[in-house]
Structures are given as structure tokens and as C-alpha cells.
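Peer 1: give me a 3D structure for the following:
(chains A and B)
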Amino acid sequence: MSIRSVLQIPASVLVSPAVPVGRVDDAARALAQDLLDTMAASPACVGLAAPQIGVGLRAFAVDVTGHRKARSCHGAFVLFDPTVVVEGPAEVAREGCMSVPDLTGEVARATQLTVSGIGPDGESCSLRVDAFEARAVLHELDHLDGLVFLDRVAGPHVLFPRKVYR
Amino acid sequence: MRRPWEPGGIADLGGRDLRTKLVAWSAVSRYSLSAVGRDRPGIVAAVTGALAGHGCNLQDSTMATLQGQFAMVLIVSAPDDVDSAAIEADLDPVAQRLELVIALRALHEDGAPSSSALGGALDPGASRTAWMIAVHGADRPGIVHAITAALADAGGNIVDLATHLVGPPSDPVYTLAIRATLPRGSTSRSLDPLLQAAEAFGVHCTVHPDDADVL
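Peer 2: Sure thing, here's the model as predicted:
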């Protein structure tokens, strides 16, 4: 287990589609642990995708525990080769990303969905998620397709510098 | 440092002692007004005060601050009998006191400046679709030109655009977001030249329809 550096754009791994993990082996389990460790060590981080730590594989971790916008909460989990079935309408809300410095933006995301994938134990699993957990899942899923929230932003003037007004 | 209205300053109007300029006053009742200058409290209040004193009405406006520079653009309607020279006279001291460059232009009904002989305006009756374009990558001069030139070639018309330079100064990242309209029937393939332009610059570009959900 280790805490990995989080890459920022324009790193090429962040704008390239990731490839499937396939079989869950020791390397995949180590990746899962690194995602969880790095997420836990990063303040206010509720999700992390493998490309963000320089690994072009379809894997992500999410943990919205204790977040005020969360309704469903499955704790900290990692999924390999995830797929999503959207089941509810979209809402616009503000997002930031450790891989996009200095900016936040408003993005429309579905608020109810089922995400399926393979857990670190090698077993298939499906989770019904909503509200903020759904947003986190879709944000991480985008990373696996080489997209960041800048590619989803709802308009030019709903991108905001992270700054302190004086 | 040379002030905007001093000889050679950006508001130098060729020897005329003016800090506001008015293009082709005639029997029109709509104007565009732009004002730019170092940000400070009171700019909006002062400019709109000069307008309100003449019964002008703000029809549309947008304002922004960019790295400490404040910019505003207003569309103003005025009573037909307004003394336009008097508005100008009241804007002049505002421009001088707040070190603003103010430009005021009379507009035709179609939005063109009264003095315009330029064609190529969009046909207001033509049906167009909205698209969002996102570009980001390592900062390089010419990104905006390359993308917007490809967009113009595709028949795109920009209705909103914003750019940000973010990240560490040693490794800055440029972001560009555009909302544009395209002739109806356009597809994402119509915007392929933008992706090619982005690739040539080594930056990432995505496009998608800007569908508004009506609820």
C-alpha cells in the first residue's frame, strides 16, 4: 500500500481512454489499495480514478462517507471495469477535481444509477447510488474515458477560479 | 505611465479631447456602451448614473473582471428625444475620474452600428443548434485562434466564450470553453476540424450538443 502522486492535466493518461483490468490479480488488488490510500490521504477527496495516479486501467475508488450532500453511501469502495445504467434525471451542481488545478465548474449529472463492476475480491457487484454518490461515480467513470469535468461543464461562464475574494 | 486618453494612450482619438466616443448619432434609440478600466468600487454606479440621468434604460448587460481589469458591456435604450450629446458629456467626467475607456455606439434596429456597411450578419430566422466545446492543455499561443478559426469555417457562431489560465506558473494549463451555434443539421462530425486543430496544438478538445432540457 502507498500514497501515490495525483497527476494533473495536461498529463496524457488523463485524456486517454483507460483499458479494462480484466482478471483481478495481486497487481489489481495493490492498485485498489493505492486508490483507497491516496483518496484517504487527500483532503476533501471523495473519489479517485486510476488514471489520476498514472495508471491507465479502468478502476476507481469512491467514498462519500459523511458528506453533507450524500444520500446513498456505500462507504469506501473500489470497482474494476465499471459500467453504469442511468435511472434518474440529471441535476446541475458544482464540481472540482484534484487533476484540474484552480477551477471548479457546474456539471449536469444523473442523480440515480446502478453501477456494476468487479470488486477487489474478484466478485461482481452492483450498487444503487444516488445524489452525491452518483455524481462521484460518474465523475470517476469519466476519468476512465479520458474526460475531466471541463469536458462536461454546462457553459463557458459556469467555470469558476478557486480563489479567495478580498 | 501614459493614461488612456493621453496622446498615444489607448483612448487617443487623434487629437480630439474625448474619452467617450459616439458613432453616428442619428434618430435611433438603442446604444451599445462598453467600459474598461482598472477595477475599483463605484464604476457601475457612476456609469449607470450618467445614463439614468437621461432616462436611459439598461436592456441587457454583462460585466466581468479579468486579472483586476473590469469590463462592462451594456445595451441601452434611450428616449427618442434624449439629448445624446448630453449623455456623452456626462460620461466624459466619469471616464476621466475612474480612468475608464468608454465607447458608445448608436445601433440600428438589427443591432448593427449605425455607421456599418458590413454584411455577414446571421439570419435571425435561420434555425441553428447549440454546441458546447471544451479545450484544455498545455498553454501555447494561438490556441483560441486555431479553434475559433476552425469553428468559423464550420459555420459556427460563438455566443459565449471563457478562458482560464490555471496551474503552476512553471507549467500553466489553458482552458477554453465555448458555446456556439451551428446551422441545423450539423453533427459532431461538422466539428471534426476543431479536433484536428486541437491535436495539432497538442491540446484536448471535446464537443457535444448543448441540449437544454425543458422541464
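
Peer 1: the closest residue to A:Ala41 other than its chain neighbours: neighbour count?
Peer 2: If the residues on either side of it in the chain are set aside, A:Ala41 comes closest to A:Ile3, at 4.6 Å by CB to CB, 6 or more residues apart in numbering or on different chains. For the C-beta atoms, the positions are set from N, CA and C on the backbone; glycine is no exception. Using other CB atoms under 10 Å in any protein chain shown, A:Ile3 has 13 other residues around it.

Peer 1: quick one, what contacts A:Ile3?
Peer 2: A:Ile3 sits next to A:34, A:37-38, A:41 when contact means CB atoms under 8 Å, 6 or more residues apart in numbering or on different chains.

Peer 1: what's the closest of the residues you listed to chain B?
Peer 2: A:Thr38 (20.0 Å; CB to the nearest CB).

Peer 1: B:Ala134 contacts B:Thr206, correct?
Peer 2: Yes: B:Ala134 sits in contact with B:Thr206 when judged by CB atoms under 8 Å, with a separation of 5.1 Å.

Peer 1: list the residues that contact both of the two?
Peer 2: With CB under 8 Å, 6+ apart as the test, B:Ala134 and B:Thr206 both reach A:Asp151.

Peer 1: A:Cys45 belongs to a helix?
Peer 2: No: per DSSP: H, G, I helix; E, B strand; the rest coil, A:Cys45 lies outside any helix segment and is coil.

Peer 1: for it, which non-adjacent residue is closest in space?
Peer 2: A:Met39 is the one closest to A:Cys45 (CB to CB, 6+ apart), at 5.0 Å.

Peer 1: ramachandran angles for the one you found?
Peer 2: phi -60, psi -50 (degrees, to the nearest 10).

Peer 1: check B:Leu182 too.
Peer 2: phi -130, psi 160.

Peer 1: grab the nearest non-local neighbour of it.
Peer 2: B:Gly156 (5.3 Å).

Peer 1: which residues of chain A score low on pLDDT?
Peer 2: The model of chain A has pLDDT under 70 over residues A:163-166.

Peer 1: quick one: the strands in it?
Peer 2: Ranges of strands in chain A, per DSSP state E, are A:47-49, A:59-62, A:77-86, A:90-97, A:100-110, A:112-118, A:124-130, A:159-161.

Peer 1: take those strands and write them to JSON lines, including mean neighbour count.
Peer 2: Conversion of the strands of chain A to JSON lines gives the following (neighbours: other CB atoms under 10 Å in any protein chain shown):
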{"stretch": "strand A:47-49", "mean neighbour count": "26"}
{"stretch": "strand A:59-62", "mean neighbour count": "30"}
{"stretch": "strand A:77-86", "mean neighbour count": "19"}
{"stretch": "strand A:90-97", "mean neighbour count": "16"}
{"stretch": "strand A:100-110", "mean neighbour count": "20"}
{"stretch": "strand A:112-118", "mean neighbour count": "19"}
{"stretch": "strand A:124-130", "mean neighbour count": "16"}
{"stretch": "strand A:159-161", "mean neighbour count": "16"}
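
Peer 1: contacts only, for the residue nearest the centre of chain A.
Peer 2: Nearest to the geometric centre of chain A sits A:Glu140, at 2.2 Å (CA atoms, centre = their mean). Residues in contact with A:Glu140 (CB under 8 Å, 6+ apart) are A:47-49, A:60-62.

Peer 1: which two in those residues are spaced the farthest apart?
Peer 2: A:Ala49 and A:Val62 (9.4 Å; CB to CB).

Peer 1: what does the pLDDT read for B:Gly15?
Peer 2: With respect to pLDDT, B:Gly15 scores 39.

Peer 1: quick one: which of the strands of chain A is nearest B:Gly167?
Peer 2: strand A:100-110 (4.5 Å).

Peer 1: helix, strand, or coil at the residue nearest to B:Asp153 when sequence neighbours are not counted?
Peer 2: Spatial nearest neighbour of B:Asp153, chain neighbours left out: B:Pro193 (6.4 Å); criterion: CB to CB, 6+ apart. Put simply, B:Pro193 is helix when judged by three-state DSSP.

Peer 1: next one: B:Pro193 from B:Thr187, what distance?
Peer 2: Look at B:Pro193 and B:Thr187: by CB to CB, to the nearest Å, they are 13 Å apart.

Peer 1: so between the two, which is more surrounded?
Peer 2: Between B:Pro193 and B:Thr187, B:Pro193 has the larger neighbour count (other CB under 10 Å), namely 16 against 11.

Peer 1: what's opposite the closest residue to A:Ser126 other than its chain neighbours in the beta bridge?
Peer 2: Counting by CB to CB, 6+ apart, A:Ser126 lies nearest to A:Ser116, which is 4.3 Å off, once chain neighbours are set aside. Residues in a beta bridge with A:Ser116, per DSSP bridges, are A:Thr83, A:Ser126.

Peer 1: ranges for the strands of chain B?
Peer 2: B:20-23, B:30-38, B:57-66, B:69-77, B:101-107, B:128-138, B:157-166, B:173-183, B:204-209.

Peer 1: which among those is found nearest to A:Asp121?
Peer 2: So among the strands of chain B, strand B:204-209 is nearest, using CB to CB, at 35.0 Å.

Peer 1: what's next to that closest one, contact-wise?
Peer 2: Counting by CB under 8 Å, 6+ apart, A:9-10, A:15, A:146-147, A:151, B:129-137, B:147, B:188, B:191, B:194-195, B:197-199 sit against strand B:204-209.

Peer 1: tell me the angle it makes with strand B:128-138.
Peer 2: 160 degrees (axes from the mean of the first three to the mean of the last three CA atoms, to 10 degrees).

Peer 1: report the strands that pair with strand B:204-209, each with its relative direction.
Peer 2: strand B:128-138 (antiparallel).

Peer 1: only the buried residues of the partner strand, if you could.
Peer 2: Within strand B:128-138, the residues scored as buried using 16 or more other CB atoms under 10 Å in any protein chain shown are B:128-129, B:131-137.

Peer 1: can I get those residues in a markdown table with pLDDT?
Peer 2: Output for the buried residues of strand B:128-138, formatted as a markdown table (pLDDT from 0 to 100):
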| residue | pLDDT |
| --- | --- |
| B:Arg128 | 89 |
| B:Thr129 | 92 |
| B:Trp131 | 96 |
| B:Met132 | 96 |
| B:Ile133 | 97 |
| B:Ala134 | 97 |
| B:Val135 | 97 |
| B:His136 | 97 |
| B:Gly137 | 96 |
